[in-house]
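In: need a 3D model of the sequence below.
(2 chains)
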2 protein chains.
Amino acid sequence: MTTLKDRRRFLKTSAGVSLLAGATSAVKAHDTTNPLARSGYGARSQYDTAVRISDGGSNCSFASDCNTLTPLQDLVGIITPPPLHFNSAHGAFPPDINPDEFTLYIHGLVERPLKFSLAELKRLPFISRIAHIECEANYPAESDITVQHTHGKVSCSEWTGVPVSVIMEECGVKPEGTWIVCEGMDRDLHSKSIPLASAMDGILAYGQNGAPLMPHQGFPLRIMIPGAGGFSNVKWLHRIKVTDEPYLTPSERFSKPFSVKSVITYPSGGQQLDGRGYYTISGMAWSGRGAIKTVDVSTDGGNTWQPARLEEPVLDKAITRFSLPWVWDGSETVLKSRALDDAGNIQPTPEEVSEKLGASIDDVKRNRVRSQDTQWNMIFPWRVKTDGSVHVDLWT
Amino acid sequence: MTTLKDRRRFLKTSAGVSLLAGATSAVKAHDTTNPLARSGYGARSQYDTAVRISDGGSNCSFASDCNTLTPLQDLVGIITPPPLHFNSAHGAFPPDINPDEFTLYIHGLVERPLKFSLAELKRLPFISRIAHIECEANYPAESDITVQHTHGKVSCSEWTGVPVSVIMEECGVKPEGTWIVCEGMDRDLHSKSIPLASAMDGILAYGQNGAPLMPHQGFPLRIMIPGAGGFSNVKWLHRIKVTDEPYLTPSERFSKPFSVKSVITYPSGGQQLDGRGYYTISGMAWSGRGAIKTVDVSTDGGNTWQPARLEEPVLDKAITRFSLPWVWDGSETVLKSRALDDAGNIQPTPEEVSEKLGASIDDVKRNRVRSQDTQWNMIFPWRVKTDGSVHVDLWT
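Out: Residues are numbered from 1 along each chain as shown, chains lettered A, B, ... in the order given. Predicted coordinates:
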């Protein structure tokens, strides 16, 4: 247990007499202004430089086939700022669609084929829900350094839009209608097949964190199915066809909802601790199958575990922020987190996955064993070296 | 009660045969790209033009004494995008402070005066909380047209930072310490006195919606006390002095937490309904004294009321989104909302406030009767005219 006394060890007592003078000179030195701060649409500080990076490496020029990763190491709380929301590209730059000319078509195995303008969609009943999206390919590679590389294909937003169930009720799905094919308005008309039963929990989302979607998130409309793999959440959605079987597109597989996962974001790979003393370990946990129930954290490589504090709100199929006070004694150690969801799923070790799948530990770490039941959600270790540097510790 | 049949009246059935051709040509026409969508820090659509406006009128050039209002009519859900968060200026443009040179000083009636770098603050225990901030001056004027004018001085974010209670525990408040004076790092060293007991529920916030604060929200640090008036939440916070009495600054008054309030944002002033038929009324409710318990909506000027649906999560001292299906028959009418919080507070009518305070109805509408117990939180009416136009209906 850490105590108040532990915290005090790193705190520096001020000399009271010098406070006023010091404070005032600091103001003079820093009173620059940010012109955009007073515009109608405010901007971030010039000192806030967090960016999405490509999963192709830091030299990526954001070409059309680039996927971008959220800088989890720079974020706090559970909400992802939309400019930093990860995205997966499909061979085309995000289109910027004129919402006044936008139409959503619903057809196929329905009693009444329908079309909706965006204004018409906004007249229908809506739902708002804070939920995460995670890409299927959210697993680490040996070259990865930071948590942005290893886990940056997950983000969490408040999504607002029309429940899929409302639209399906409007159209009257025929008894043989069991799948929907969602088509995006990007250059290649990217489409995905989704079991109707899974989609009924989804949202035809036009809002993200209060505002319209950003173009890289599907402006003006996307489908968002909490817990489903990111690839099902078709962006720039303009057509839904109700069918009795999936279309045979290359990535046709509709996976089971993703299981429980967590990662420590502070301290994490590439960060540097400022000497021994008191720290607050911070991280994110999420599950595609329910709400987070508990997160345990180990500061000794998994020998002992302590329950982390969970920040409210703890929501179904959304990121939950956890924390644990920690006094680092300056010796080399390994930090890990292990989440449990309210459906009873718990993060496994690589050894447990290896045994379950009958594959080598190296193969499961590298996600070489793919099955409908598998998702890369193993307990993830960070090594803290005596110089305070932090490193991925998965491959040793 | 509205029904599925009501909804269908406004929906247009598509001619199935033309679907594919129509959809494809729409893509060709709209496949422009937004260059910023693929940058490391994504941008909104060129078609998303919502902006904060000044409370000095739409011609304001965002001079240093301008306050800015959130475009509530353009927002959905409960989260306010930080670029659109309202702010109150105090005679100076927002500074853009170098966080590496930032220091927070705590002194006055404490056992141990302390100073913290931002990095040191981030090592301490943190809390994340979704909560709203409302300005004391969030009341309408007769010239107001939209809900941005009438209610735009309220916004809601996920705030992350160090609990004030943790900092006070570190410093060891002396028995006679009952107030804190918070000083900002803006040009005029804007400061506010806050009763320590109220401040102990507050956060020294460095994070807003996952990211660092924006400069107009106090980057790199502000105090945020859920439920307290906006003016207490000092931005660019660099100094806290513990005292035994409030400092005599011009706006010294520390008001009681604000009471319950709500407003319909769709349809709202300046908007235009597209003929009779099915609509989903949408609005926001909040209370500085608790969580929203119920919101009732009237579509006949207050003669009858129906319970609105509340979106999850419903949080203490945060905005709650509500909605109600409504079939407009095309006749002139007045829409109103009335919120109740879990502390038992309910929005009053102007007549009830007039009677309680012994003042004229005109004076209470214009907020000419100020007292520690009063906040402008009356039931707010929008008039829908037969042409579908929507107008403020308070002054008639």
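
In: what's the spacing between the closest residue to A:Q46 other than its chain neighbours and B:T160?
Out: The shortest distance from A:Q46 to any non-neighbouring residue, by Cβ to Cβ, 6 or more residues apart in numbering or on different chains, is to B:D96 (5.8 Å). Quick note: C-beta positions are derived from backbone N, CA and C, even for glycine. In this view, B:D96 and B:T160 are 20 Å apart by Cβ to Cβ, to the nearest Å.

In: residue ranges with poor pLDDT in chain A?
Out: Chain A contains residues with pLDDT under 70 at A:1-38, A:56-66, A:90-92, A:248-255, A:370-374.

In: in it, which spans are helices?
Out: A:4-8, A:19-30, A:118-121, A:147-151, A:164-171, A:196-199, A:350-357, A:361-365 (DSSP state H).

In: one step back: number of nearby residues for the residue nearest to A:Q46?
Out: 25 (other Cβ atoms under 10 Å in any protein chain shown).

In: please apply the same query to A:E142.
Out: Counted with other Cβ under 10 Å, residues neighbouring A:E142 total 9.

In: tell me how chain A divides into domains.
Out: Domains of chain A are assigned by automatic domain parsing as A:99-243, A:260-392.

In: beta partners for A:T160?
Out: Beta bridges link A:T160 to A:S128, A:G207 when assigned by DSSP bridges.

In: ok, now which ones touch it?
Out: A:T160 makes contact with A:F126, A:I127, A:S128, A:R129, A:I203, A:A205, A:Y206, A:G207, A:Q208, A:G210, B:V76, B:G77 under the criterion Cβ atoms under 8 Å, 6 or more residues apart in numbering or on different chains.

In: pull up the residues of the stretch 251-396 of chain A that are close to chain B.
Out: A:266, A:274, A:277-280, A:282, A:311-313, A:315, A:321, A:323, A:325 (Cβ under 8 Å from any Cβ of the partner chain).

In: most neighbours among those, which one?
Out: Going by other Cβ under 10 Å, A:R321 tops those with 29 neighbours.

In: quick one: contacts for the residue in the stretch 51-200 of chain A that chain B sits nearest to?
Out: Nearest residue of the stretch 51-200 of chain A to chain B, counting by Cβ to the nearest Cβ: A:V51, 3.0 Å away. Contact partners of A:V51, counting by Cβ under 8 Å, 6+ apart, are A:P71, A:L84, B:S39, B:G40, B:Y41.

In: B:P350: which of those is nearest?
Out: Distance to B:P350 across the contacts of A:V51 (Cβ to Cβ) is lowest for A:L84, with 44.6 Å.

In: give me the neighbour count for A:S45.
Out: A:S45 is flanked by 23 other residues according to other Cβ under 10 Å.

In: dump the residue contacts of the nearest residue to it once chain neighbours are set aside.
Out: What sits nearest to A:S45 in space, not counting adjacent residues and going by Cβ to Cβ, 6+ apart, is B:F219, at 4.7 Å. B:F219 sits next to A:R44, A:S45, A:Y47, A:D48, B:P94, B:D96, B:I97, B:P99, B:P212, B:L213, B:W236 when contact means Cβ under 8 Å, 6+ apart.

In: and those, which of them are in strands?
Out: Among the contacts of B:F219, DSSP state E puts B:P212 in strands.

In: could I get the contacts of B:F219 in TSV, plus columns for distance to A:P257?
Out: Shown next, in TSV, are these (distance: Cβ to Cβ, whole Å):
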residue	distance to A:P257
A:R44	34
A:S45	38
A:Y47	39
A:D48	34
B:P94	43
B:D96	43
B:I97	44
B:P99	39
B:P212	33
B:L213	35
B:W236	44
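
In: in a markdown table, list the contacts of A:V51 along with neighbour count and distance to A:A199.
Out: Below are the contacts of A:V51 laid out as a markdown table (neighbours: other Cβ atoms under 10 Å in any protein chain shown; distance: Cβ to Cβ, whole Å):
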| residue | neighbour count | distance to A:A199 |
| --- | --- | --- |
| A:P71 | 24 | 31 |
| A:L84 | 24 | 27 |
| B:S39 | 15 | 32 |
| B:G40 | 17 | 32 |
| B:Y41 | 16 | 32 |
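
In: widest-spaced pair of these?
Out: By the measure Cβ to Cβ, A:P71 and B:S39 form the most distant pair in the contacts of A:V51, at 13.5 Å.

In: wait, isn't the residue nearest to A:Q46 in contact with A:D48?
Out: No. In this structure B:D96 lies outside contact range of A:D48 using Cβ atoms under 8 Å: 9.7 Å.

In: how far away is A:D74 from B:V162?
Out: 18 Å.

In: more neighbours, those two?
Out: B:V162 (25 against 20).

In: so what's the more buried one up against?
Out: B:V162 neighbours (Cβ under 8 Å, 6+ apart): B:L121, B:L124, B:P125, B:F126, B:I127, B:I203, B:L204.

In: just the residues you listed that are near chain A?
Out: Answer for the contacts of B:V162 near chain A (Cβ under 8 Å from any Cβ): B:L124, B:P125, B:F126, B:I127.

In: list the contacts of the third one.
Out: For B:F126, the contact set (Cβ under 8 Å, 6+ apart) comprises A:V76, A:T280, A:S282, A:S323, B:T160, B:G161, B:V162, B:P163.

In: same deal with the first one?
Out: By Cβ under 8 Å, 6+ apart, B:L124 lies in contact with A:R7, A:Y278, A:T280, B:V162, B:V166, B:I167, B:E170.

In: so which of those residues comes closest to B:A359?
Out: Nearest member of the contacts of B:L124 to B:A359, counting by Cβ to Cβ, is B:I167, at 41.8 Å.

In: perfect, I'm done here.
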